[in-house]
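J.: Sequence and predicted structure, then a few things I'm wondering about:
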Amino acid sequence: MLTLAKNKPILQINIDLKELILEAYHNERSELELLYVVPFVAKIIESCVKSKVFKPPNPWTMAVMGVLAELHQEPDLKLNLKFEVEVLCKHLSLDINEVVICGYLKEADRLLHFKPKLSGRRKHKQEQSLLPPTVSNEQTIVSTPSVAVAPATSGTTPTTSSTIAQPQFNFQDLNTSSLNGLVPHITVSSQAEIFQMIPQLRACVRIAVERSVQELVQPVVERSIKIALTTCEQIVKKDFALDPEENRIRLAAHHMVRNLTAGMAMITCREPLLLSISNNFKTVCLTTLKAASPQQKELMEQAATLVAADNVELACAFIQKCAVEKAVPEMDRRLATEIELRKHARNEGRRYCDPVVLTYQAERMPEQIRLKVGSVTPSQIAVYEEFARVIPGFLPTTESAQPAQQPYPLDEITQIYDKCATEIEQHIQQASLIAPNSQHVQVMEMLLEAVVLARNSREVVNALSLLQKTVDGLMEGYFPQTLDPEIGMRYQSSHLLVLKGLQDQRAYGPQWTNKQVTKIVCDRGEQKYNLDAIEVLLRAHLINLQAFDMHLAQSMDNGMNQTAGAFAMNVAKRFLIDEKQSNILNEADLYNTLQVLAMIAARSSNPSDMPGPFGVRLAHLIELVRQNQDPAFLDKAPGGPTSMMHSGISQAREFDDPAGLQEKTEYLLREWVNMYHSPAGGRDSTKAFSAFVNQMHQQGILKTDDLITRFFPNMHRTVREAVLPRPV
């Protein structure tokens, strides 16, 4: 580039650009060769614009442009190569339609005198037929100068460069969070004699592979996603223009961009990786041995070929997955507007439809290919499912469609994980200032690592593992009486951040999260009796109250398990007597537990059946419960007309109130009282009842089941506080 810009010619004896294009065009793997040759030639000719000598209409420059223009007219040429030529013409202020084409690529006589410059390649069949019969293909390859891909020494050209490589890895096999993810899969061939003579050179394989990946990953990723993202965005927007379901367009985009990005990365990086691994291996070996003999150098050349051939698929797959993991979030950002428009339409109670696209489809598109309002056809979905099943460079998989199980965009889940990680990191920094060597700080650091792992993988299994680690951390390490107040607060907050993040509707939702938390707590055996940790989980609405109550009742084993009985008594005392006003639990939430405790107390009236302070405490607790609650509550059988109300109140307590719900509840209660006392109202007035239901609808109470579930316990609590006298 600098040569031409400084008005100095590129001698044909050094490099003939037209012959280079000719060789790539007639090569058996012409599509792959042209991907490198055309951008290379374009970059060289681009510098002519800075030259006084070589800028158009210089004959040498125009001759090369004529070959590129002829290549541009090929019907099967890749679009990105056509675009490369068009950009070059624009840079040189040329009209590609006015560039003179002389048919250089079609002149068969030039192939008779063709001197290959790209080594390690097989000739096109047409070219082979035009070679003199006395010259064999093998002889032609031997006479080929080693320039582009393989090392110059004979016998060192990777044997896989001219064969179609078979995928060796599943997409989920590789961990791309760091280069250490390569280590478990690196292959060290036992056939290499150099490894038998000098075993310490085996370590050079890992260094060579990691160094090669590090050199190529950034440029390959940037180039791959640049083309794949634009292509995928345009096609997906066109196919799903009238589809109201944002998850379908998002998942289809993920499947397609993953396929295209992986394919672009594979064809871009595989050949350079072969050369890079081979060269890096030889460099590292020579550095290790320092004074290698000629025999050792020859064995290194042979080993370099084996190392490159054995590990190129691994390095290529690693770079492909890195590119995919960068492309998917970028695709989410590009489709953010489309997704938000569909969500907004759903929130307004209408069906999404782009009127501009609908008009265009109706007026200009034939009936056979016209898009219809609603979901895309099964045949179109099948195309994207095939993108998901077969990823270039990886083994076919049936699990690639698993993201469809997640009902919200991955970028929102990623944001939740990122927020948790950031805030936990802040808690760790503050806690480290107080007690840098504290075991609780180490637990928080391990929790942060689990959050990052779940964030990178986005697999349900890792999310469940994170939830398990979080609950275990609370149950085993949260004891406020023995902790520094600041450490205890930050330790609790770090764990709650994770649980509330998983409970978010954009992640896994409260139903799944509460179910898993309750199961983990109930399955912990003796370690579950940490009342302070249980209180934290109850206050955060992370425990399914009905399941927890049933488990407490069953774990007491009719009084045989005194440890469980003592814990149940502590739960009842703290939440039904000591902290009754906090309204964390009420008697309905612990119905089964209280029934079992009352039964044990009644059956064990004989002091010999229940020795020690346990029996005294239990009798005292039952008496306090009778005094603070409905005296007949413990004698009632479960069920009846109020059981469903108690169940609804229990379920409602597991979720936080939406903003403004309390104000709406008080307003509707006042309206109900006014209607009841109005002349047109009354106890049996259907008109008044209809008017009240209409007001509930206007206030949005009847919009979802969750709001209805929250409204009635709020109304119950408001009436109770207004009617019953407050305790002194």
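T.: Arrived safely, thanks for sending. Numbering: from 1, shown residues only.

J.: ok, and what's touching the helix or strand that contains residue 566?
T.: Following DSSP states H and E, one finds residue 566 within helix 562-573. With contact meaning C-beta atoms under 8 Å, 6 or more residues apart in numbering, helix 562-573 is reached by 526, 529, 531, 534, 552-553, 555-557, 559, 585, 590, 593-594, 596-597, 600, 614, 617-618, 621, 624-625. In this view, the C-beta of every residue, glycine as well, is placed from N, C-alpha and C.

J.: Stretch 436-452 too?
T.: Contacts of stretch 436-452 (C-beta under 8 Å, 6+ apart): 177, 417, 420-421, 424-425, 427-428, 431-432, 435, 465-466, 469-470, 473, 477, 483, 487, 490-491, 494-495, 498.

J.: same thing with stretch 44-54?
T.: Residues contacting stretch 44-54 (C-beta under 8 Å, 6+ apart): 1-7, 9-10, 17, 55-56, 58, 60-61, 64-65, 68, 88, 91-92.

J.: What subset of the residues you listed is buried?
T.: Among the contacts of stretch 44-54, the ones that count as buried by 16 or more other C-beta atoms under 10 Å are 4, 17, 55, 56, 58, 60, 61, 64, 65, 68, 88, 92.

J.: per-residue confidence for the fourth one?
T.: The pLDDT attached to residue 56 in the predicted structure is 82.

J.: So it: helix, strand or coil?
T.: When classified by DSSP: H, G, I helix; E, B strand; the rest coil, residue 56 comes out as coil.

J.: Name all residues that make contact with it.
T.: 48, 62, 65, 92, 93, 94.

J.: host element of the third one?
T.: Applying DSSP H and E as the criterion places residue 65 in helix 59-72.

J.: Just the contacts of helix 562-573: which are in helices?
T.: Those of those mapping onto helices are 531, 534, 552-553, 555, 593-594, 596-597, 600, 614, 617-618, 621, 624-625, per DSSP state H.

J.: Just the buried residues from these, in ChimeraX please.
T.: Restricted to buried positions by 16+ other C-beta under 10 Å, the ChimeraX selection for those reads:
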select :534,552,553,555,593,594,596,597,600,614,617,618,621,625
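
J.: So for stretch 546-559, what gets flagged as buried?
T.: 546, 548, 549, 551, 552, 553, 555, 556, 559.

J.: show me what contacts the fourth one?
T.: To tie it back to what came earlier, the one meant is residue 551. 518, 522.

J.: what would the buried residues of stretch 546-559 look like in CSV with pLDDT?
T.: Shown next, in CSV, are the buried residues of stretch 546-559 (pLDDT from 0 to 100):
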residue, pLDDT
546, 85
548, 86
549, 85
551, 87
552, 84
553, 86
555, 84
556, 82
559, 73
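
J.: hmm, back to that, so which of the ones in helices among the contacts of helix 562-573 comes closest to residue 376?
T.: Nearest to residue 376 out of the ones in helices among the contacts of helix 562-573 is residue 534 (C-beta to C-beta; 48.8 Å).

J.: Relative to residue 555, how far out is that closest one?
T.: As judged by C-beta to C-beta, to the nearest Å, residue 534 and residue 555 stand 13 Å apart.

J.: Could you do residue 571 as well?
T.: Distance from residue 571 to residue 555, by C-beta to C-beta: 11 Å.

J.: pLDDT below threshold where in the stretch 151-300 of the chain?
T.: 151-165 (pLDDT under 70).

J.: ok, which stretches of it are helices?
T.: For the stretch 151-300 of the chain, applying DSSP state H, counting those that start in this stretch gives helices covering 193-197, 203-239, 246-289, 294-334.

J.: ok, back up a step: check the buried ones among the contacts of stretch 44-54 for the minimum pLDDT and say which it is.
T.: Comparing those by pLDDT, residue 4 comes last, at 76.

J.: wait, doesn't it sit right on residue 10?
T.: Yes - Residue 4 lies in contact with residue 10 (C-beta atoms under 8 Å); the separation is 6.7 Å.

J.: Flag the shaky bits of the stretch 601-728 of the chain, pLDDT-wise.
T.: 604-616, 627-659, 679-685, 703-706, 724-728.
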